[in-house]
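In: sequence first, predicted model second:
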Amino acid sequence: MYDAIFIENFGKPTSTYIFEHFANDAASAASSKGVPVIRTVPEKIVSESTVMEDIDLAIQAVFNNVVETLTRPLTADEKSPKRREQENPPRLIFKGNLAEINEFFYRRGWTDGLPVIPPTEDAVREMMTGTDYAPDYLVEKLEPRQGKATVEKIAINAVMAGCLPTHLPLLIAGVHALADNPTTGMMAASTGSWAPFYLVNGPVRNDVKVNSSYGASSPGNIANAAIGRAMGLITKNIRGIRKQVEDMGVLGNPGKYSFVAAENEENSPWEPFHVDCGFKKEDSTITVSFPQSYQQMVPFGTDDKGIIATVVGSIVPARMGLFSLILTPNNAQSLAKRGWSKQSVKDYIVKNARVPEDYYTRLGLDASGPFDRGNFMGQGTSPQILRPTPDRPDPVQIFVFGGFGSWVGFMQGGPPPIIKKVELPKNWPQLVKKYQNIVPTYVRY
Amino acid sequence: MISGKNDAFYEVLSPWAEADPVPLKGLAPRLDKLDGKKIGLLQNSKRAAPRILDVTERLLKEKFPRTQISRFEGRSFSVSSLEPERRQEFEDWLKGVDAVIAAVGD
């Protein structure tokens, strides 16, 4: 809808076709940009449809509505819309027991479906000891509603998610990452259900115990679980991206609960990701990317040939953007021992991940037809699947994490990652000492 | 969620962020008719968009034969993500049309 708003503001009347299930999304998008009343033409074309007969019939059915939206004189409200009541609830919002609070918050769409920790003033005050910034310090305004991510609002959502105060610096850096590129940030609203993946580098990993080893992206570690969860709640409650209102993800994605891992820097033969990006090893960073899918497989072999063949052989067209390779420490070591650097692995993948000549015809499709919207130059014109472009010069990323096993991981799709430095408060060592012994102890049986 | 009989009570803060009021804008004046006008057809990068506009163009020509039609292909999801030169092209194109029909394929 942003295009329609731009065009209307440019002084030209616009009629926008929208899939009928996008009515709420369209209204929200327009309203967030100051156009609460906008003319759209709902139609019955399913998102991403390629069935020509369906498209033809659907447009014929509504064409008269298009004419009408461009010619019917504006109402008074359309000429000068009235401001509807701002949804800025009071700071102290509710009093009740745990169940009542959770029901109140759930009914307002403020949770992810799981119970939340009540964000009392005391809890939020304790959370904010994780930063030197004042509670009313504005970290960023976040698209699409330009919600003010103040330290306090971030802290409230962090408490709800179950974070410790030592996670707050990572959340603040994560908010900066989301704001860095609105296009990247808006992947959270896409029909493709892109789920943010947060990679943590530097000393903060061990300070707050972000898991980089076995089960790094599985549930069970407070840091991995709560940091991702808090960013998800921030996405709802500060950004204003809610399921089936602004978030039009069709299938959904479990990664939207939390998908966080630390790089296993100690056991990687290469420089850490953040050092590749120009940071010092002693800096701590958080990186956000928006993969659409996460896949694992056992490689054809665990020497360099076997690993590389597995990776190249698994890359197929139309995965829409970035390809992130997850290597366990031993797989990375296996490659490094045989002379591979991260860059040479990336270069090899870019050069050799190609569409086989008979790929589309074998599938019974028009050879020039299927396209990969995340790789525009590849629209049937070249067999190279991952091609560097000006806005995506590095289409392959490599992250080293996980336990000592042979599985290879792929995260596919999305725009380039965004990395931000984590700023720590002056009393960081004392904070770490206070919270570092909160670790699980598993009963043996 | 289940609650116990003697649960503690909590007073909690709202997680919903404030946002400054956005200046409100009305819509652009409508056309008195489409026949004889210059209609721009805008498509983004979604798959259904080109076909939607193909059908629209055909119907426009059938119903309003004197209408002049031009197309702009966004090649991304929105104007805001166009690179500066392309954005200038878009604005130049807009100056040359009387109204726009947009297909976003969603």
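Out: Cool, the structure landed.
In: quick one, strands of the stretch 101-250 of chain A?
Out: A:138-142, A:147-150, A:197-201 (DSSP state E, counting those that start in this stretch).
In: winner for burial among those?
Out: Burial of the strands of the stretch 101-250 of chain A is given as mean neighbour count (mean count of other CB atoms under 10 Å in any protein chain shown); strand A:197-201 ranks first at a mean of 26. The way it works is simple: take the backbone N, C-alpha and C, and place the C-beta from them, glycine included.
In: rewinding a little: residue B:104 is nearest to which of the strands of the stretch 101-250 of chain A?
Out: strand A:138-142 (22.7 Å; CB to CB).
In: tell me what that closest one is packed against?
Out: strand A:147-150, helix A:168-180 (3 or more CB pairs under 8 Å, 6 or more residues apart in numbering or on different chains; DSSP states H and E).
In: hang on, the earlier thing: with mean pLDDT added, can I get the strands of the stretch 101-250 of chain A in a markdown table?
Out: Below are those laid out as a markdown table (pLDDT from 0 to 100):
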| stretch | mean pLDDT |
| --- | --- |
| strand A:138-142 | 97 |
| strand A:147-150 | 97 |
| strand A:197-201 | 98 |
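In: dump these into TSV; add distance to residue A:249 as well.
Out: What follows is the strands of the stretch 101-250 of chain A, written out as TSV (distance: least, CB to CB, whole Å):
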stretch	distance to residue A:249
strand A:138-142	18
strand A:147-150	20
strand A:197-201	15
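In: which of those strands sits closest to residue A:438?
Out: Of all those, strand A:197-201 comes closest under CB to CB, at 17.3 Å.
In: partners of that closest one, with directions?
Out: With DSSP bridges as the test, strand A:197-201 is paired with strand A:260-262 (parallel), strand A:285-289 (antiparallel).
In: Serialize the ones you listed to TSV and add fields for mean pLDDT.
Out: Formatted as TSV, these follow (pLDDT from 0 to 100):
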stretch	mean pLDDT
strand A:260-262	98
strand A:285-289	97
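In: got those as JSON lines, with mean neighbour count columns?
Out: Compiled in JSON lines, these are given as follows (neighbours: other CB atoms under 10 Å in any protein chain shown):
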{"stretch": "strand A:260-262", "mean neighbour count": "26"}
{"stretch": "strand A:285-289", "mean neighbour count": "25"}
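In: mind putting the ones you listed into TSV with distance to residue A:43?
Out: As requested, these are exported to TSV (distance: least, CB to CB, whole Å):
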stretch	distance to residue A:43
strand A:260-262	39
strand A:285-289	33
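In: closest to residue B:10 out of those strands?
Out: strand A:260-262 (27.4 Å).
In: please enumerate the helices of chain B.
Out: B:49-63, B:84-95 (DSSP state H).
In: and of the strands of the stretch 101-250 of chain A, who's closest to residue A:392?
Out: Closest to residue A:392 of the strands of the stretch 101-250 of chain A, according to CB to CB: strand A:197-201, at 16.6 Å.
In: who touches the closest one?
Out: Strand A:197-201 is contacted from outside by A:170, A:174, A:210, A:227-228, A:231, A:255, A:259-263, A:265, A:272-275, A:279, A:283-291, A:294, A:324, A:399, A:401, A:411, A:417, using CB atoms under 8 Å, 6 or more residues apart in numbering or on different chains.
In: go again with 6 Å.
Out: Applying CB atoms under 6 Å, 6 or more residues apart in numbering or on different chains, the external contacts of strand A:197-201 come out as A:210, A:259-260, A:262-263, A:272-274, A:285-289, A:291, A:399.
In: and stretch A:338-350, by the same measure?
Out: A:270, A:304, A:386, A:396, A:398.
In: now swap in stretch A:139-147 and tell me
Out: Contacts for stretch A:139-147 (CB under 6 Å, 6+ apart): A:32, A:148-149, A:172, A:175, A:179, A:182, A:185, A:238-240, B:17, B:19.
In: again, but for stretch A:32-41
Out: Taking CB under 6 Å, 6+ apart as the rule, stretch A:32-41 contacts A:5, A:15-18, A:26, A:30, A:62, A:65-66, A:69, A:77-78, A:81, A:144-145, B:22-25.
In: lowest-confidence helix or strand of chain B?
Out: Ranked by mean pLDDT, DSSP states H and E, the helix or strand of chain B with the weakest confidence is helix B:84-95, at a mean of 89.
In: helices or strands up against it?
Out: Of the remaining helices and strands, none touches helix B:84-95 by 3 or more CB pairs under 6 Å, 6 or more residues apart in numbering or on different chains; DSSP states H and E.
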